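Visitor: Quick one, structure for this:
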Amino acid sequence: MGVGKPDDIVGAVLSGIDMFDCVLPTRSGRNGQAFTWNGTLNLRNARHAEDAEPIDAKCRCPACRQFSRAYLHHAVKANEIIASMLLTWHNLTFYQDLMAGLRAAIAAGALRAFTDGTLAGYRSGQGARPVPSQMPSG
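Guide: This next block holds a predicted model:
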């Protein structure tokens with residue numbers, strides 16, 4: 001099916017689609033991009049060269065728990081395979097969390113509220129990461 005970016009997936013779920021096939025998390029990871037609740041980061045950009053912050057401070061993936069944006073920027077620029085691996089791991093974790101949030105919101109009858117907040121944050125760069133304890137529960 002090839003649905004890709006997080007806002008595309010949210011739109012598809014709102015349209016009733018419930019099955020996806022997407023290579024974008026891995027392809028983007030191999031190309032230095034990371035998806036976050038605040039939009040997409042391009043780790044190739046020089047602004048990350050000295051950024052000691054993780055991709056997402058609340059993310060549970062190894063890339064976020066153990067490495068800074070500065071390190072990932074360096075690894076991407078140096079074409080180190082570890083950059084592709086870590087960014088792919090992060091992106092897959094992000095997509096899993098997004099889908100878990102969507103499923104929980106559907107079960108709670110709060111899909112529109114969840115998607116409105118998620119899309120607003122993703123598109124504006126100001127989104128808050130909905131952690132499982134804050135996601136609607138059924």
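Visitor: alpha carbons only for contacts and neighbour counts from here, please
Guide: Will do.
Visitor: Pull the contacting residues for residue 42.
Guide: Listed by CA atoms under 8 Å, 6 or more residues apart in numbering, the contact set of residue 42 reads 32-34.
Visitor: which secondary structure elements does the longest helix belonging to the chain contact?
Guide: Longest helix of the chain, by residue count under DSSP state H: helix 81-108. Applying 3 or more CA pairs under 8 Å, 6 or more residues apart in numbering; DSSP states H and E, one finds that helix 81-108 makes contact with helix 6-14, helix 24-30, strand 33-36, helix 62-66, helix 69-77, helix 111-124.
Visitor: Report the buried residues of that helix.
Guide: For helix 81-108, a neighbour-count test (16 or more other CA atoms under 10 Å) marks 83-84, 86-95, 97-99, 101-106 as buried.
Visitor: Let me see the mean pLDDT of it.
Guide: Here helix 81-108 scores 95 as its mean pLDDT.
Visitor: Understood, closing this out.
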